[in-house]
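J.: What follows is a predicted structure for the sequence shown.
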Amino acid sequence: MSAALEFQEISKEYRNFPGRRIRALDRFSLQVEQGEIFGFLGPNGAGKSTAIHLAMGFMLPTGGSGSMLGSPFGNARIRRRVGFLAENVALYHRRAERLVRFYGALNGMRGTVLKKRAHEVLEAVRLVEHASRNVGRFSRGMLQRVGLAQALVNDPDLLILDEPTSALDPLARVAVRELLLKARDAGKTIFLSSHLLSEVELVCDRVAVLHRGKLARLGRTADLLQSGEQIEVIVRGIRENAFAGAKAEDGIVRFSVPTNLQRPTLEQVWNLGGEVVSMNPVRRSLEQIFLEVTAQHEAGQKI
Amino acid sequence: MTPVFLIAVNFVREQRWPILVLLLWILLLAFLGLATDISREREDLLFIFKQVAVYVVVFSIFFGGSAIYNERRSRRVLAVLAKDVARHQYLSGLVIGVTITCVIYCFSLGLTGSWTLGPAGFPVEHVWYLMVCLTAASMLAGTVALMFSTFLNPFFAAGATAIVLGTPVALAHTLSTRWGYLVPVYELTTRVTSSSFSTPGLGTWWPILLALGETFLFWMFSVWIFKRIDIAVAVE
C-alpha cells in the first residue's frame, strides 16, 4: 500500500524584498500512511503551512519532490480525492449550503448527489439550521465549520486540515474530534496540523514535530507519550518520606525513579516491608514533548 | 469545462456591485434619451454615448488587474485551487468572467444606444458593430491586465497594462499608423470615439479577430507565468 502523503527531501526557500533568502523547509522527508490520523506539530514559523501548501500544489518546491495519493504534488485531478481546510479559512460570501455546493461542483459533483451530500456535511458540522444564512455573517467558529464542510463534501480519501479547531468552542471541538475518528474508521487518512496539543494527543495515531524546517521528532503518539527514562512506582505499606518526591494518599505512595534504578527500588520497597502495586513508564503530555523537542533543537542549533 | 464556467460566474457574482454601478451610467444615458429632444440634442447624446462606452475598457483593466491579487490576498483562491481545478482552468474562468462583465455592459449599452441614437439617425447596425469592437477591446485589455496581475499588485498591473496598450499608440503616432494594430485596443476604441452621424464607423472585422487572437496569446502567457509562481504566501 503506497503512502497517502509523502515528502521526499523537500526544501523551500522564500526571497524577501532585498533578496534575503528564508529557508522554510530544509530537506524535509515524511511519509503518512493510509488510514491513519497524523498530527503535524511545530512552533510558529516551523514550516508546517509551507509543507501543506507544497503538498496542495499552491507552492513549488525549491528542491526535492513529493506525492499525494500516488500522484506528484500539484496534480489537479488527484485533488478530487482530497479535502483541504486552510488556516484562517477564507470563503466567498454566499449562503452556506450554496457555498458548499459550489465547492462540491468544482470537484465534479452534480445534481441530487451534491445536494444530499451538502446537507449531510452541514449536518455533520452542526450548521444545518444555518444553511440558508450568508457565511459573511458567520462567526469565526461557524466559518471554520463551513470550511470543514466544504473540505468534506467530496467524501475525500485524504483530509488535510490546517488548524481546524482553533476557533471552535469545546462542544464543536468534540464534534470535530468524533468526525475525524469516524473518518479514520472509514479508512480515510487525516493529516492534521494543530497547536492544540491536547486534541492531537487524543486523536492522532502518529505525530511529527517540525522545527525550523526540519523534522525534529516522529513516532507513534503512544510511544512518544511514554517516557523511557522514568518509571512511576505505586506501592503501599511504606512511609511517604522513604523515597524522595513521594506522595501519599489513602495509604498509597507514588513516586518516580529513573529506569535504571528500577531493580534497586523494588528491593528497597520489599526491604522496607512494602508491597508494589504497579510500576509503569511515566506518561508525559504532548506539550511536554513538544517543549522538550523545540528546546533541544534550539540548543543544538546554537551549538 | 464546468469548473471554468463556475469560476467565471462566481467572478461576475463577486463583481456585481461595480457592474451595477457601471450600468447606472447606461441608465443615465437612457434617461437622457427620454428627457431630451433627440432631433436637436443628438450630438450631445452621441458624445455621452461615446464617453460611457469608453468606461468599459478602463474598468476591464481594473477588473482584470485586481482579480488574482484580491483572491490571493483574501486567501479565497486556496479553497478553489484545493479542488479539481488546474491553474489554467482558474485563469480561463477569470478571463471569461471579465469577458462576461464586459459583454453585459456592452450589450446593455448597445440596447440603449440603438434605442436612443437609432431614432436620431445613427444606423442601428453600426451601434452593434461598435459594441463588438468595444467588447473585443475590453476583453484584450482585461486579459493583459490579468496577465500582469499574476505577479503584480493592482496598481502596478494597471500601470504595466497602460504601457503595453499605450506603446502601439505612441509608435503609430511617431512611425506608422500600422503600429496601432500591434495591440489593437486603442485602434478599436477609436472606432467608437471617432464615430459620428456622418461617419458612423462601420469598418473591417479583422482588427476584432486580431484582438481575439491576442487575447488568446496573452491568456497563454498568463498561464505560463501563473504555473510558475507560488499562489499561497506563507502566513508563518
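T.: Happy to help now that I have it.
J.: so who does the closest residue to A:Leu114 other than its chain neighbours touch?
T.: Computed as Cβ to Cβ, 6 or more residues apart in numbering or on different chains, the closest residue to A:Leu114 that is not its neighbour in sequence is A:Gly104, at 4.7 Å. C-beta coordinates here come from the backbone N, C-alpha and C atoms, glycine included. Residues near A:Gly104 by Cβ atoms under 8 Å, 6 or more residues apart in numbering or on different chains: A:114, A:117-118, A:150, A:153-154.
J.: Widest-spaced pair of these?
T.: The span of those, defined through Cβ to Cβ, is set by A:Leu114 and A:Gln150 at 12.0 Å.
J.: ok, these two, which is more surrounded?
T.: Using other Cβ atoms under 10 Å in any protein chain shown, the more surrounded residue of A:Leu114 and A:Gln150 is A:Gln150, with 30 against 20.
J.: wouldn't the more buried one be in contact with A:Ala105 here?
T.: No: using Cβ atoms under 8 Å, A:Gln150 is not in contact with A:Ala105; the gap is 11.0 Å.
J.: quick revisit: closest to A:Ile78 out of the contacts of A:Gly104?
T.: A:Asn154 (11.9 Å).
J.: Kindly state the pLDDT recorded for that closest one?
T.: With respect to pLDDT, A:Asn154 has a value of 95.
J.: Can you tell me, leaving aside adjacent residues, what's nearest to it?
T.: A:Asn107 (4.3 Å).
J.: Just the helices from chain B, written as ranges.
T.: Along chain B, the stretches classed as helices by DSSP state H are B:2-14, B:16-35, B:38-74, B:76-81, B:87-117, B:124-149, B:154-174, B:185-193, B:206-226.
J.: how about those helices in JSON lines, adding mean pLDDT, mean neighbour count and distance to chain A?
T.: Output for the helices of chain B, formatted as JSON lines (pLDDT from 0 to 100; neighbours: other Cβ atoms under 10 Å in any protein chain shown; distance: least, Cβ to the nearest Cβ, whole Å):
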{"stretch": "helix B:2-14", "mean pLDDT": "95", "mean neighbour count": "18", "distance to chain A": "5"}
{"stretch": "helix B:16-35", "mean pLDDT": "88", "mean neighbour count": "14", "distance to chain A": "11"}
{"stretch": "helix B:38-74", "mean pLDDT": "89", "mean neighbour count": "19", "distance to chain A": "5"}
{"stretch": "helix B:76-81", "mean pLDDT": "95", "mean neighbour count": "22", "distance to chain A": "5"}
{"stretch": "helix B:87-117", "mean pLDDT": "94", "mean neighbour count": "22", "distance to chain A": "8"}
{"stretch": "helix B:124-149", "mean pLDDT": "95", "mean neighbour count": "25", "distance to chain A": "17"}
{"stretch": "helix B:154-174", "mean pLDDT": "95", "mean neighbour count": "16", "distance to chain A": "14"}
{"stretch": "helix B:185-193", "mean pLDDT": "92", "mean neighbour count": "22", "distance to chain A": "31"}
{"stretch": "helix B:206-226", "mean pLDDT": "95", "mean neighbour count": "17", "distance to chain A": "12"}
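J.: Can you lay out these as a markdown table showing distance to A:Leu225?
T.: Putting the helices of chain B into a markdown table (distance: least, Cβ to Cβ, whole Å) gives the following:
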| stretch | distance to A:Leu225 |
| --- | --- |
| helix B:2-14 | 44 |
| helix B:16-35 | 53 |
| helix B:38-74 | 39 |
| helix B:76-81 | 33 |
| helix B:87-117 | 42 |
| helix B:124-149 | 49 |
| helix B:154-174 | 50 |
| helix B:185-193 | 65 |
| helix B:206-226 | 45 |
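J.: Can you get me a residue count around A:Glu298?
T.: 12.
J.: and B:Ile19, what does it touch?
T.: B:12, B:101, B:104-105.
J.: what are the phi and psi values for A:Gln31?
T.: Taking degrees, to the nearest 10, you get phi -130, psi 130 for the backbone angles of A:Gln31.
J.: So for it, what's the nearest residue that isn't a sequence neighbour?
T.: A:Ala3 is the one closest to A:Gln31 (Cβ to Cβ, 6+ apart), at 4.4 Å.
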